[in-house]
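1. Need a 3D model of the following:
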Amino acid sequence: MYGWDSPTETWSGPTRLGFPRRGSQRVLEALRAAPGQSWYGPLNCGAPGQPRARFFTLIHALCDSAVAMIYCNDSRTGPAEVLAVLPRELRARLRPEFAFEFVAFLRFLEALSESGALTVHDLITAGIAEAHPSDALIFSISTGLWTSDQEHVLSACVEKVAISMLEWIAER
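-> Numbering: from 1, shown residues only. Now for the predicted structure:
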């Protein structure tokens with residue numbers, strides 16, 4: 001998992017998720033039951049010692065990956081986090097322009113500054129190139145629209161959604 005924090009323009013990763021991490025069984029079941037390649041719905045998440053929070057998640061399956069936007073409770077300002085997951089099963093089909101298209105989408109959402117976009121593009125490209133072909137990859141972009149004192153709750157939600165997405169997209 002790689003991450004970009006837009007407010008501080010810092011990159012982290014790669015960080016291996018310790019398995020057996022669990023995705024949200026409710027989200028995975030909803031994704032499996034979705035009539036198309038997209039799903040939108042609420043998700044309550046919490047972290048140890050933190051109050052639970054309500055998020056809304058929009059997930060899209062693509063030909064070689066999946067993307068998600070995680071919104072804060074009733075946010076109308078944009079997503080708090082944007083994810084791209086690249087399951088190992090689809091890595092061989094990954095479009096060469098994936099990093100460019102994902103960063104362009106993030107710029108459209110105003111989740112990245114212009115200089116941040118160039119940096120994130122290069123870091124995603126490097127992360128893909130350096131990863132073993134059998135590795136699943138997760139790229140997480142924090143927009144800064146979630147309060148930093150509640151960051152642990154958002155992080156727990158991001159992990160649950162990302163793992164659910166990897167399971168779902170690998171089944172398709």
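2. and the longest helix for this protein?
-> helix 151-171 (DSSP state H).
3. what's that one packed up against?
-> The criterion is 3 or more CB pairs under 8 Å, 6 or more residues apart in numbering; DSSP states H and E, and the helices and strands that helix 151-171 contacts are helix 25-33, strand 38-45, strand 53-61, strand 66-72, strand 81-86, strand 137-142. Every residue, glycine included, has its C-beta placed from N, CA and C.
4. for the ones you listed, which one sits closest to L17?
-> strand 137-142 (7.7 Å; CB to CB).
5. got the angle for that closest one vs strand 66-72?
-> 30 degrees (axes from the mean of the first three to the mean of the last three CA atoms, to 10 degrees).
6. Show me what the mean pLDDT comes to for strand 137-142.
-> For strand 137-142, mean pLDDT rounds to 95.
7. what helices or strands is it leaning on?
-> Using 3+ CB pairs under 8 Å, 6+ apart, strand 137-142 sits against strand 2-5, strand 81-86, helix 114-130, helix 151-171.
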